[in-house]
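Undergrad: Using only what follows, build the 3D model:
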Amino acid sequence: MLKNIQEWTFILVIFGFTAIIGNWAGYDILPLDAIPGMIVLILVCLAGFILNQLIPINFPSIAYIAIIGVIVSMPWTPGSEYVVEWTSKVELLALATPILAYAGIAIGRSWTDFTKLGWKTIVVACLVLLGTFIGSALIAEVVLRIQGII
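TA: The predicted structure is shown next:
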């Protein structure tokens, strides 16, 4: 268990560091301002991973992480105003970028396995990605027009 905690911590710190750099580059939030929020997010993730290992129920760790995150940010939780203030300085897209990059690398490493599924699978995957992109762009366009931003 201790080895797992060390590995999780190492990986989360790498993602956290990358997200802080992305937060700084993309949103002009200084790393020193974002570090407390990133530490809170890393600790919440670690707690969720540990609970997933300790509780013998088939329940995904992301659910534990979400529950812990909600609990520590609720108004009646002591210190929640600090948690909310600190984590509000970490932008969601700055967090998602390194995770999606890692997923892309993982898929790229198993591209040969992916191609073994056949050319039809590749066509379907490309169409799904294209449809997701176009759908997201259309939703963003509509929402931004309704808000009068564009």
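Undergrad: Tell me the helix or strand right after the lowest-mean-pLDDT helix or strand in the chain.
TA: Among the helical and strand segments of the chain, the one scoring lowest on mean pLDDT, DSSP states H and E is helix 111-115, with a mean of 66. Note on helix 111-115: by DSSP states H and E, the next helix or strand toward the C-terminus is helix 119-147.
Undergrad: mind checking the SS state of the residue most central in space within the chain?
TA: Centroid check for the chain by C-alpha atoms, centre = their mean gives residue 96 as the closest residue, at 4.4 Å. Three-state assignment for residue 96 (DSSP: H, G, I helix; E, B strand; the rest coil): helix.
Undergrad: Next one: it from residue 12, what distance?
TA: When C-beta to C-beta, to the nearest Å is applied, the distance between residue 96 and residue 12 equals 15 Å. Any C-beta I mention is one placed from the backbone N, CA and C, and that applies to glycine too.
Undergrad: Likewise for residue 141?
TA: Counting by C-beta to C-beta, the gap from residue 141 to residue 12 is 35 Å.
Undergrad: Settle it for me: which of the two has more neighbours?
TA: residue 12 (18 against 11; other C-beta atoms under 10 Å).
Undergrad: what about the helices in this protein?
TA: 2-27, 31-54, 61-73, 80-87, 92-109, 111-115, 119-147 (DSSP state H).
Undergrad: if you compare those, which one is most tucked away?
TA: helix 31-54 (a mean of 18; mean count of other C-beta atoms under 10 Å).
Undergrad: Contacts for that one, please.
TA: With contact meaning C-beta atoms under 8 Å, 6 or more residues apart in numbering, helix 31-54 is reached by 1, 4-5, 8-9, 12-13, 16, 19-21, 23-24, 59-69, 72, 82-83, 86-90, 95.
Undergrad: All good on my end, thank you.
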